[in-house]
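Trainee: For reference, the sequence and a predicted model appear below.
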Amino acid sequence: MNFSNIQPISYLKTNTSDVVKLVQETHDPVAITVNGRVQAIVQDPVSYQKTQDQLTMLRLLAHGRKQIEDGKVTGHDDFFAQLDAQDNAP
């Protein structure tokens, strides 16, 4: 993992408001280390939500790709015929 800003947990403990302000202004995460190893990431909520949205989209794409590989697809004409049938159903 490559992080541009890495801080020890002692820095976070004494400068929490500065770290929060930094991530809010720059939208760059701060990696927090414990005994020299990254143990946590501090990230602003907008960037976090963007990451979660991107992961959701990737999961949907992977699921769609798997369905295509498994042959679970419907052709264009058949799909719209099914919609028309649903619309005309009592």
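Mentor: Structure received.
Trainee: which one's the longest helix in this protein?
Mentor: Using DSSP state H, we find that the single longest helix of the chain is helix 45-69.
Trainee: List of residues touching the helix or strand that comes right after it?
Mentor: Next in sequence after helix 45-69, counting helices and strands by DSSP states H and E, comes helix 76-88. Helix 76-88 has contacts (C-beta atoms under 8 Å, 6 or more residues apart in numbering) with T74. To be clear about C-beta, it is placed using only N, CA and C from the backbone, and glycine gets the same treatment.
Trainee: mean confidence score for helix 76-88?
Mentor: Mean per-residue pLDDT for helix 76-88: 90.
Trainee: do stretch 5-12 as well
Mentor: Mean predicted confidence for stretch 5-12 is 97.
Trainee: which secondary structure elements does the longest helix of the chain contact?
Mentor: Counting contacts by 3 or more C-beta pairs under 8 Å, 6 or more residues apart in numbering; DSSP states H and E, helix 45-69 is packed against no other helix or strand.
Trainee: Let me see the mean pLDDT of that helix.
Mentor: Averaging pLDDT along helix 45-69 yields 96.
Trainee: residues in contact with that helix?
Mentor: So helix 45-69 is contacted by 23, 27, 29, 43, 73 (C-beta under 8 Å, 6+ apart).
Trainee: mind listing which of the residues you listed are in helices?
Mentor: Using DSSP H, the contacts of helix 45-69 in helices are V23.
Trainee: I'd like the contacts of helix 45-69 laid out as JSON lines, including distance to L61.
Mentor: Putting these into JSON lines (distance: C-beta to C-beta, whole Å) gives the following:
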{"residue": "V23", "distance to L61": "28"}
{"residue": "H27", "distance to L61": "25"}
{"residue": "P29", "distance to L61": "24"}
{"residue": "Q43", "distance to L61": "23"}
{"residue": "V73", "distance to L61": "15"}
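Trainee: If any of the contacts of helix 45-69 are buried, put those into a PyMOL selection.
Mentor: Buried residues within these, by 16 or more other C-beta atoms under 10 Å, are selected in PyMOL with:
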select buried, resi 23+29+43
